[in-house]
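Chemist: Predicted model and sequence below, questions to follow.
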Amino acid sequence: SPTRTDVAVLAATTIDHAQDLGADALYEGPDHLEANIRPIGLRRTLVNLVENALHYGTAVRLSVTSHTDTIRIRVEDDGPGIPEDQMAKVLRPFARLDTARRRNTKGLGLGLATVARAVEREDGTLTLSNLPERGLRVEIVLPYRI
């Protein structure tokens, strides 16, 4: 159930862990941002997205910003991105994009489908988009419940 959770600390800790493992990982955002959310679901979501980003690319950037009534979380990588016509497919369980993301040997499995469900439980939205230069942006917008 939702509890008062520091979203910024969860995000920064996720990036710290990736850095400890030697990854090129960066957190951008406030030091603290408390909101009523499901912390286990959000932690899994952030870990999942950062691991995916590092699986397909060599660097990951995680940013958190707050607005009046929303919290925006972005995870961006420098990997190959996802073909536009495959965007919806990767949100389904066990989707594999072997042709799109060639370094993918294990498939996305439940990764993004699990993320989509966790975001849905928070009444949030999940958007995937390719960055203009290279890479994928996963954006989560959550209601800012204090």
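Modeler: Nice, thanks for sending it over. Numbers count the residues shown, from 1 in each chain.
Chemist: contacting residues for the residue most central in space within the chain?
Modeler: In the chain, the centroid-proximal residue (C-alpha atoms, centre = their mean) is L49; its distance is 3.7 Å. Contacts for L49 were tallied using C-beta atoms under 8 Å, 6 or more residues apart in numbering; they are 62, 75, 115, 138. (C-beta placed from N, C-alpha, C; glycine too.)
Chemist: okay but the second one is in contact with A53, surely?
Modeler: Going back to what we said before, that points to V75. Yes - if you go by C-beta atoms under 8 Å, V75 and A53 touch, sitting 5.7 Å apart.
Chemist: Need the overlap of contacts for those two.
Modeler: Contact criterion C-beta under 8 Å, 6+ apart; residues shared by V75 and A53: 60, 138.
Chemist: can I assume S129 sits in a helix?
Modeler: No - according to DSSP: H, G, I helix; E, B strand; the rest coil, S129 belongs to no helix; its state is strand.
Chemist: how far away is it from V75?
Modeler: Using C-beta to C-beta, to the nearest Å, S129 is found at 12 Å from V75.
Chemist: Now for the two: what residues contact both?
Modeler: Common neighbours of S129 and V75 (C-beta under 8 Å, 6+ apart) are R137.
Chemist: More neighbours: which of the two?
Modeler: V75 (24 against 15; other C-beta atoms under 10 Å).
Chemist: For the more buried one, which three-state class applies?
Modeler: Under three-state DSSP, the three-state class of V75 is strand.
Chemist: For it, list each beta-bridge partner.
Modeler: Taking DSSP bridges as the rule, V75 bridges to L62, V138.
Chemist: hey, which helix is longest across this protein?
Modeler: Longest helix in the chain by number of residues, with DSSP state H as the criterion: helix 39-56.
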